[in-house]
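S.K.: would you be able to build a 3D model of this:
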Amino acid sequence: MTTAQVAQDQAAHPRSHFWKLVLGSIGVVYGDIGTSPLYAMREALGTAARDGLTRAEVIGIVSMLLWTLILIVSFKYVVLILRADNRGEGGTLSLLALAQRAVGRRTPALLVLGILGTALFYGDAVITPAISVLSAIEGVELIEPGFAPYVLPITIAILVALFAVQSQGTELVSRFFGPITLVWFLTMGGLGLLHVSDNLAILHALNPARAVGFVASHGFGALPVMGSVFLAVTGAEALYADMGHFGRGPIRVAWSGLVFPALAVNYLGQGGLVLARPDTLVNPFFLMAPAWGLPALVLLATLATIIASQAVITGAYSITHQAVQLGLLPRLEARHTSEKEVGQIYMPRVNWTLLAGVLILVLSFQNSGALANAYGIAVTGTMVITSLMATVVFRRVWRWPLAAVVAVIAPLLVIESFFLGANLMKVHDGGYVPLVIAAIVCLLIWTWVRGTGIVQRKARTDAVTLLSLIAMLRKPKLARAPGTAVFLTSDPDIAPSALMHNLKHNYVLHERNLIVKVNTATTPTVPESERVVIEHLDENFIRVTLSFGYVEQPNVPRALAMARKQGVKFDIMSTSFFLNRRSFKPSRHSGMPLWQDRLFITLTKAASDATSFYSLPSNRVLELGQQFVI
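M.R.: Below is the predicted model:
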């Protein structure tokens, strides 16, 4: 990383010291991938050992672990993908927005990829807390074998407590993330160094030919092992998703300066230990520790897994919030838990749904070894999607020659496709779990997008254009109510339903009427100078377009207050906000099957009210009902 890049990140976070961001990224960004040594090596060796385990196989597996970290994490994410930032923000939906802006429109192919990537993330978000906490608590069995019956209850108690405290926000807890995870990585590196010398032949794993040789010699038999090896890079997507919180520079420094060396040395140490003592195959990570240090290591591992779980939970909040803003999901309640950090939110429905899913997995699989079969498919699928969308960015945004794009992306896609195929072999053993979760999320998104499209088309069928209504209102003498009326609408060219109902039933028109459309930009944030666009239609009507980024919380009154600079008189105390509340009835003759109509109606009922979503003053809001058949 160059000095210029460091300076750029410091400029982007003027109130925070660069090295504080590095420490914070160690805790949040690398919490998930940092707990992989607990189970990745164990599962890979265990899979290969079903018909006996040779020295060459141990070295080959460690080599695959190391070179998977180098190629997938170091090269693809740290070197390449971190450059594809959308005004500092990363993640699947940010990459989707960047690719769509480069193409110039929302293409169906890119939208499908973005939805699939988002859906697969939820599968990962459910499995990560379950497998991480379970694998840590299982370490206690090495201290006291009779502890086995208590692993499940303690795991459940920790998970329930973890999700219960989410409403308090992560600001206070996150202060401890960095230091604890720093100690975790230093401990992992130290344990690895202690055992590399157990059998120095393990250093041959640094040669990529040993990884290639393992695959070549085992043929299709290597695929199950590769499925377990891939567990080493679960959490790699967090490097990109959390870029907006810490910046590209701190994330890169943390990876190259601490995280990767600690992971690499630890895997080498586990390999050296197994070569010297094959009986440690049952749990090589915890058996690296001396007997006197095992209790402390189990405690530290438990804390590390809780942190890893915390990171993916907050990630679920962020990606759901972005999906809502982009119109892929209904409005869901999002509570801001920090006055300083706009990205720190808590979403109750997401939180408790995740907890329910996590507990079902823990009770169903009961141990981390069984859960490992369910892990990996979601992550590999997301990585393949990231690579596909990155080709658009490399070609259209960065203007790379086609040959360069193919030379970089094709090898990565080949490797990731092998890993995806390896993980798909585990479908019947538990790999179906993330696929089922992703399918459910895709169904919800598809139903919501399709349903809202049908509603908008039907609403336009018998609608009156706004300009026609204004022309008609110039003739009759309607009563004029004092003050300002604000009508929120999804189509600024059509007279809002709330306005039409107010005229039809109350025969009144306010002195000043604002027709407000709220847009979500394809950028994370929108500059204040571009927030408000005003169009004066006549002396009574003003059309206002408000724009917010997809990570911002729309605050309509605050944005309208900015309109004063453009000549709009606006006094919140003499303003009424009119909203149209629709109630839906299913129809066999709509554009969707009856079951999908009912699912769409259920989703509309789950949506939070527009008053809180748009930060409207509740004592100034009037809702007018409308029954709608879909």
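S.K.: tell me where the model's unsure across the protein.
M.R.: Judged by pLDDT under 70, the chain has its weakly predicted residues at 1-17, 169-175, 245, 336-344, 475-477.
S.K.: domain ranges for it, per the record?
M.R.: As assigned by automatic domain parsing, the chain contains the domains 3-449, 462-629.
S.K.: quote the end-to-end distance of the shortest one.
M.R.: With Cα to Cα, to the nearest Å as the measure, the ends of domain 462-629 fall 13 Å from one another.
S.K.: repeat for stretch 231-240
M.R.: Taking Cα to Cα, the first and last residues of stretch 231-240 lie 18 Å apart.
S.K.: then stretch 390-401?
M.R.: With Cα to Cα applied, stretch 390-401 spans 14 Å between its terminal residues.
S.K.: flag every buried residue along it.
M.R.: For stretch 390-401, the neighbour count (16 or more other Cβ atoms under 10 Å) marks Ala390, Thr391, Val392, Val393, Phe394, Arg395, Val397, Trp400 as buried. No exception for glycine: its C-beta is placed from N, CA and C like everyone else's.
S.K.: quick one: the last one and Phe394 touch, right?
M.R.: What that stands for is Trp400. Yes: Trp400 is in contact with Phe394 according to Cβ atoms under 8 Å; the separation is 4.7 Å.
S.K.: burial count for Glu237?
M.R.: As a burial measure, Glu237 scores 27 neighbours (other Cβ atoms under 10 Å).
S.K.: now His505
M.R.: 9.
S.K.: in which helix or strand would I find it?
M.R.: helix 497-506 (DSSP states H and E).
S.K.: need the residues that contact that helix.
M.R.: Contacts to helix 497-506, defined as Cβ atoms under 8 Å, 6 or more residues apart in numbering, come from residues 459, 464, 469, 473, 478, 485, 487-488, 508-509, 513, 515, 578-580, 622, 624, 626.
S.K.: who's in contact with Pro179?
M.R.: When contacts are counted by Cβ under 8 Å, 6+ apart, Pro179 touches Leu23, Gly27.
S.K.: distance of it from Lys20?
M.R.: For Pro179, the distance to Lys20 equals 11 Å [Cβ to Cβ, to the nearest Å].
S.K.: partners of the strand ranked longest in the chain, with directions?
M.R.: Looking across the chain with DSSP state E, the single longest strand is strand 508-520. Partner strands for strand 508-520, per DSSP bridges, with pairing direction: strand 479-489 (parallel), strand 541-548 (parallel).
S.K.: hey, which of these is tucked in deepest?
M.R.: Ranked by average neighbour count under the criterion mean count of other Cβ atoms under 10 Å, the strands paired with strand 508-520 are headed by strand 541-548 at a mean of 20.
S.K.: list the contacts of that one.
M.R.: By Cβ under 8 Å, 6+ apart, the list of residues contacting strand 541-548 reads 325, 466, 470, 492, 512-521, 526, 530-537, 554, 556, 559-560, 563, 568.
S.K.: how far off centre is that strand?
M.R.: In terms of Cα atoms, centre = their mean, to the nearest Å, the centre of strand 541-548 is found 30 Å from the chain centre.
S.K.: could I get it in PDB with only the CA atoms?
M.R.: Taking Å, rounded to 0.1, in the frame of the first residue of the first chain, the C-alpha atoms of strand 541-548 are listed here in PDB:
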ATOM      1  CA  PHE A 541     -48.600  23.200  -6.600                       C
ATOM      2  CA  ILE A 542     -44.800  22.400  -6.300                       C
ATOM      3  CA  ARG A 543     -43.300  19.100  -7.400                       C
ATOM      4  CA  VAL A 544     -40.300  18.100  -5.200                       C
ATOM      5  CA  THR A 545     -37.900  15.200  -5.800                       C
ATOM      6  CA  LEU A 546     -35.800  14.100  -2.800                       C
ATOM      7  CA  SER A 547     -32.800  11.900  -3.300                       C
ATOM      8  CA  PHE A 548     -31.200   9.700  -0.700                       C
END
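S.K.: and it with helix 497-506, angle?
M.R.: Angle of strand 541-548 versus helix 497-506, following axes from the mean of the first three to the mean of the last three Cα atoms, to 10 degrees, is 150 degrees.
S.K.: give the buried residues for stretch 100-107.
M.R.: Residues Gln100, Arg101 are the ones in stretch 100-107 that count as buried (16+ other Cβ under 10 Å).
S.K.: can I get the CA coordinates of that stretch in CSV?
M.R.: This file holds the C-alpha atoms of stretch 100-107, laid out as CSV (Å, rounded to 0.1, in the frame of the first residue of the first chain):
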residue,chain,number,x,y,z
GLN,A,100,-25.7,-0.9,-13.2
ARG,A,101,-24.4,2.6,-13.4
ALA,A,102,-21.6,1.5,-15.7
VAL,A,103,-24.1,-0.2,-18.0
GLY,A,104,-26.5,2.7,-17.8
ARG,A,105,-29.6,0.8,-16.8
ARG,A,106,-31.0,-1.9,-14.5
THR,A,107,-30.4,-5.0,-16.6
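S.K.: which other residues reach it?
M.R.: Outside stretch 100-107, the residues that touch it by Cβ under 8 Å, 6+ apart are Leu110, Leu111, Val392, Val393, Arg396, Val397, Thr522.
S.K.: rerun that using 6 Å as the cut-off
M.R.: Leu110, Arg396, Val397, Thr522 (Cβ atoms under 6 Å, 6 or more residues apart in numbering).
S.K.: residues in contact with the third one?
M.R.: When contacts are counted by Cβ under 6 Å, 6+ apart, Val397 is found next to Ala102.
S.K.: contacts only, for Ala262.
M.R.: Contacts of Ala262 (Cβ under 6 Å, 6+ apart): Phe185, Met188, Gly189.
S.K.: just name the closest of these to Asp609, please.
M.R.: For the contacts of Ala262, the closest approach to Asp609 (Cβ to Cβ) belongs to Phe185, at 44.8 Å.
S.K.: tell me where the stretch 351-500 of the chain has helices.
M.R.: Secondary structure of the stretch 351-500 of the chain (DSSP state H, counting those that start in this stretch): helices at 368-372, 377-392, 402-424, 432-461, 466-473, 497-506.
S.K.: with distance to Gly146 as added columns, please give the buried residues of stretch 390-401 in JSON lines.
M.R.: Output for these, formatted as JSON lines (distance: Cβ to Cβ, whole Å):
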{"residue": "Ala390", "distance to Gly146": "51"}
{"residue": "Thr391", "distance to Gly146": "55"}
{"residue": "Val392", "distance to Gly146": "56"}
{"residue": "Val393", "distance to Gly146": "55"}
{"residue": "Phe394", "distance to Gly146": "56"}
{"residue": "Arg395", "distance to Gly146": "60"}
{"residue": "Val397", "distance to Gly146": "59"}
{"residue": "Trp400", "distance to Gly146": "60"}
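S.K.: closest to Ser574 among those residues?
M.R.: Distance to Ser574 across those (Cβ to Cβ) is lowest for Val397, with 47.0 Å.
S.K.: quick one: contacts for Val518?
M.R.: Leu546, Pro554.
S.K.: go again using 10 Å as the cut-off
M.R.: By Cβ atoms under 10 Å, 6 or more residues apart in numbering, the residues touching Val518 are 325, 488-490, 544-548, 554, 556, 559, 610, 613-614.
S.K.: before we move on, what about Asp609?
M.R.: By Cβ under 10 Å, 6+ apart, the contact list for Asp609 reads Arg331, Glu333, Leu579, Arg581, Leu616, Ser618, Val621, Glu623.
S.K.: perfect, that will be all.
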